[in-house]
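>>> The following comprises the amino acid sequence and a computationally predicted model.
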Amino acid sequence: MVGTWHTLMQFVEEARNVTHPMDENALEQITRNAIEYVACNPPELVSIERKKNLLKAKILAKQLEGQEKKLHENFPDSIKKVVQGKKILLWQKLFGTSRI
C-alpha cells in the first residue's frame, strides 16, 4: 500500500486547506504586471506596446554598436568564441531599465 488513506471527510478538509498557487504570489511582481497588462488591454494596444519596445531596443542596439565592437575586441579568444554575436551591453542596459 502506498500513501495515506483518508476518510471522505478528511479528504474534503485537506482539499479546503490547500492554497492555490496564485494566492501564494508565486510569480514575480514584474511577471504579474505583464500578465495583468496583456489580460486587461486590447490586443491592438498590447501589439503596439510590444512593437514600441522592440523599436527602442533596436535603436539602443544601434547606438551601442561601436561600444559592443570594442568590448568584443578586448575579450580573449576563448571568450570571443562564446559571446560572438551577443549584444552584452544592450542586455545590460535593458535589464537596468526594466528593473529585473
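In hand now; what should we look at?
>>> In the protein, where's the longest helix?
Ranked by number of residues, the top helix in the chain under DSSP state H is helix 43-73.
>>> quick one: contacts of the helix or strand just after that one?
Following helix 43-73 in sequence order, the next helix or strand is helix 77-83 (DSSP states H and E). By CB atoms under 8 Å, 6 or more residues apart in numbering, the residues outside helix 77-83 that reach it are 72, 75. Where C-beta positions appear, they are placed from N, C-alpha and C, glycine not excepted.
>>> so how far is residue 38 from residue 74?
40 Å (CB to CB, to the nearest Å).
>>> more crowded one of these two?
Remark: of residue 74 and residue 38, residue 38 carries more neighbours, 13 against 9, as counted by other CB atoms under 10 Å.
>>> and the angle for the host helix or strand of the more buried one with helix 43-73?
Element membership for residue 38, per DSSP H and E: helix 29-40. Here the directions of helix 29-40 and helix 43-73 differ by 140 degrees (axes from the mean of the first three to the mean of the last three CA atoms, to 10 degrees).
>>> Alpha carbons of helix 29-40, in CSV - could you do that?
In CSV, the C-alpha atoms belonging to helix 29-40 read as follows (Å, rounded to 0.1, in the frame of the first residue of the first chain):
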residue,chain,number,x,y,z
GLN,A,29,5.7,41.1,-9.5
ILE,A,30,7.1,42.0,-13.0
THR,A,31,5.5,38.8,-14.3
ARG,A,32,2.2,39.5,-12.6
ASN,A,33,2.2,43.0,-14.1
ALA,A,34,2.9,41.7,-17.6
ILE,A,35,0.1,39.2,-17.3
GLU,A,36,-2.3,41.8,-16.0
TYR,A,37,-1.4,44.2,-18.8
VAL,A,38,-2.0,41.7,-21.5
ALA,A,39,-5.2,40.4,-19.9
CYS,A,40,-6.7,43.9,-19.3
